[in-house]
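**Q** Let me see the structure of the following:
(2 chains)
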Amino acid sequence: MAEQTRKQKTTTSRTTDDEVIEDAAPAASESGEKLKAELDDLLDEIDEVLETNAEDFVKSYVQKGGQ
Amino acid sequence: MALPKVCGIETEYGILVRGAENNPVSASSLLINAYIAATTSPQRGRVGWDFDDEHPANDARGFSLDDIIAPEIETTLVNAVLTNGARYYVDHAHPEISTPEVSTALEAVRWDRAAEEIIRRSMVHASAKLSAGSAGQAEVIVHKNNSDGKGNSYGCHENYLLARETPFGRIVAQVTPHFVTRQIFTGAGKVGCELPGVPNDHVPYQLSQRADFFEEEVGLETTLKRPIVNTRDEPHCDAQKYRRLHVIVGDANMSEVATYLKVGTTAIVLAMIEDDALGDDWLLGNPVSAIRQVSHDPTLTRTIPLRDGRRATALEIQWGLLERAHKYEQLHGLACVGEGVGPDVLRRWEQVLTGLEHDPESVASIVDWVAKQRLVDGYAERHRIESGSPRLKAIDLQYHDLRPDKGLAGRAGLETIVDPAEVDEAVSKPPTTTRAYFRGRCLDKYPDEIVAANWDSIVFDVGREPLRRVPMMEPLRGTADHVARLIDESDSAVELLERLGS
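**A** Presented below is the predicted three-dimensional model:
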């Protein structure tokens, strides 16, 4: 098997309990627009099929414990 | 040399009834009975589960709690064995399907998807029965999730074959880092948090459905004080040669690639442990704290302590495991997890880690928690609603709804890796590569001559005393290669048993 080069993990920012480093926001692009359009379509669908009475549904959703 | 990683997935599903009494035990029974009635001819008796060899209280650390824990009485509840080799049954208050034994992560996805399909068809039949009986439209609704948001959790368990001689202590220590950190790509996502004392707005969204429920590093329990590594020692096969590692820590996945990675990466990690090729580099300092910390951090930037004093992110630990896996592949090959599947799992593993590291949204088609978060955040933004709103929790739950017209996961653009035609076939046909083949074929061809079946045997009624029990103690015997022709040529179980010899 050919040796596979593994991407070095240089861009991960790390946090400890003391500090938080914000990740840089990805630049807007054409594919970003497309993704947004897809998401909008998806959200339209959710509007249609989501439980009409979310509060009741969530409150009454109780399962007995399993393994 | 690591043993072939025969494996399988057992899923407990959430269940509720609308338009009729919402009793989960009777609903689960109805679900299964309706499916069996619809898929078998009326004359056939039900093939029951044979509980003789069940020892759930045996602990891998060398003792049994049988004297202390009362044996679980399951015999009165519905329990069916299917022609694809799966077990379909009521486990306390949940319907549960255990897939047949498979040889690769790809087969695991296929038969797990088939289990979902069986549930879908069951819902249709059960709802029809319920509606016929009651005044109006009634519905049985099933979710493939692990958490009700009220402090109750139910499992999606994986099982892997290991050599018995693998020291259990090594397994516990060295698999734990993977169990704690793999949730960065296997987590199904959850709105809110169920740790007592932690307000929901401290953890508006987390990676895993299950992480909050794990309180111990290792132990036998499955319903409370859950351990990251479960010590149940019930191999359902030759106990001298084999160990079955029973894994309870995972989430149920809607994404096929997530299931593939969950099983595929874990099989490789276990193979490395079996061959003592993984080592102690990544041992964790505090696994129970870590599993919650990792889950509560969707930014993937928080570090957790390792036993040697270093700190690392879950991503870094996963990169470390992948690097080991590449080395292992070069030295030992990956035949034990499937010649074709093994390298493909490594490729996908690298793909998902790279995506999570640089742009998590890029893996929304693969990773359930990312896909779900995209829906939750997008919806919250569009309707300008606060985190903590029940509509966001409803999205979380409805993501896992198995009804095709209601389930959100089916609409989220998740990538698939198994052909729907193959899933359809797997609903009724067993895998060809394990003893599930013998079980499934016999159930299909000789149902009237089988009294009971379980993982490691079938009991035949050949028309005279005594009943004949055929042991199946080897998970890799009874495959299509071994027995297909034998079964094809035997018109009855009597004939089959004669041909089998002893």
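**Q** from here on, contacts and neighbour counts on C-alpha atoms
**A** Will do.
**Q** how much space is there between the closest residue to chain B within chain A and B:Gly309?
**A** Closest to chain B within chain A is A:Gly66: 4.1 Å, counting by Cα to the nearest Cα. Taking Cα to Cα, to the nearest Å as the measure, A:Gly66 falls 36 Å from B:Gly309.
**Q** Name the residue in those two with the higher neighbour count.
**A** Shown here are A:Gly66 and B:Gly309; by other Cα atoms under 10 Å in any protein chain shown, A:Gly66 has more neighbours (20 against 10).
**Q** Report the secondary structure state of that one.
**A** Under DSSP: H, G, I helix; E, B strand; the rest coil, A:Gly66 falls in the coil class.
**Q** That one contacts B:Gly14, correct?
**A** No: with contacts counted by Cα atoms under 8 Å, A:Gly66 stays clear of B:Gly14, the gap being 9.5 Å.
**Q** Find the residues that touch each one of those two.
**A** B:His94, B:Tyr154 (Cα atoms under 8 Å, 6 or more residues apart in numbering or on different chains).
**Q** Next up, the contacts around the residue of chain A closest to chain B.
**A** So A:Gly66 contacts B:Glu12, B:Asp91, B:His92, B:Ala93, B:His94, B:Asn152, B:Ser153, B:Tyr154, B:Gly155, B:Thr223 (Cα under 8 Å, 6+ apart).
**Q** same thing with B:Phe185?
**A** Contacts for B:Phe185 (Cα under 8 Å, 6+ apart) come out as B:Ala258, B:Leu261, B:Lys262, B:Val352, B:Leu353, B:Val367, B:Asp368, B:Trp369.
**Q** Past the helix or strand hosting the first one, which element shows up next along the chain?
**A** Going back to what we said before, that points to B:Ala258. Assessed by DSSP states H and E, B:Ala258 sits inside helix B:256-274. Moving toward the C-terminus from helix B:256-274, the next helix or strand (DSSP H and E) is helix B:287-295.
**Q** low-confidence ranges in the chain?
**A** Reading this off chain A. Scanning chain A for pLDDT under 70 picks out A:1-30.
**Q** you looked at the wrong chain, it should be chain B
**A** B:42-46, B:52-53, B:65-77, B:134-135, B:502.
**Q** related to what we said a few turns ago, so how far is B:Ile248 from the residue of chain A closest to chain B?
**A** Taking Cα to Cα as the measure, A:Gly66 falls 11 Å from B:Ile248.
**Q** same deal with B:His143?
**A** Distance from B:His143 to B:Ile248, by Cα to Cα: 18 Å.
**Q** same thing with B:Asp91?
**A** From B:Asp91 to B:Ile248 the distance is 15 Å (Cα to Cα).
**Q** same check, this time on B:Ile450
**A** 32 Å.
**Q** Which parts of chain A are helices?
**A** A:30-49, A:54-60 (DSSP state H).
**Q** that older thread, common neighbours of A:Gly66 and B:Ile248, please.
**A** Common neighbours of A:Gly66 and B:Ile248 (Cα under 8 Å, 6+ apart) are B:Gly155.
**Q** one step back: in terms of neighbours, single out the busier of B:Asp91 and B:Ile248.
**A** Shown here are B:Asp91 and B:Ile248; by other Cα under 10 Å, B:Ile248 has more neighbours (24 against 20).
**Q** so the more buried one touches B:Cys156, yeah?
**A** Yes: counting by Cα under 8 Å, B:Cys156 is a contact partner of B:Ile248 at 6.6 Å.
**Q** thinking again about what came up before, of the contacts of B:Phe185, just say which sits nearest to B:Asn200.
**A** Among those, B:Trp369 lies closest to B:Asn200 (Cα to Cα), at 17.4 Å.
**Q** Just the element for the closest one, please.
**A** Per DSSP H and E: helix B:368-383 holds B:Trp369.
**Q** With chain A in mind, check whether that helix reaches it.
**A** Yes: Helix B:368-383 reaches chain A (Cα under 8 Å from any Cα of the partner chain) through B:Leu375, B:Gly378, B:Tyr379.
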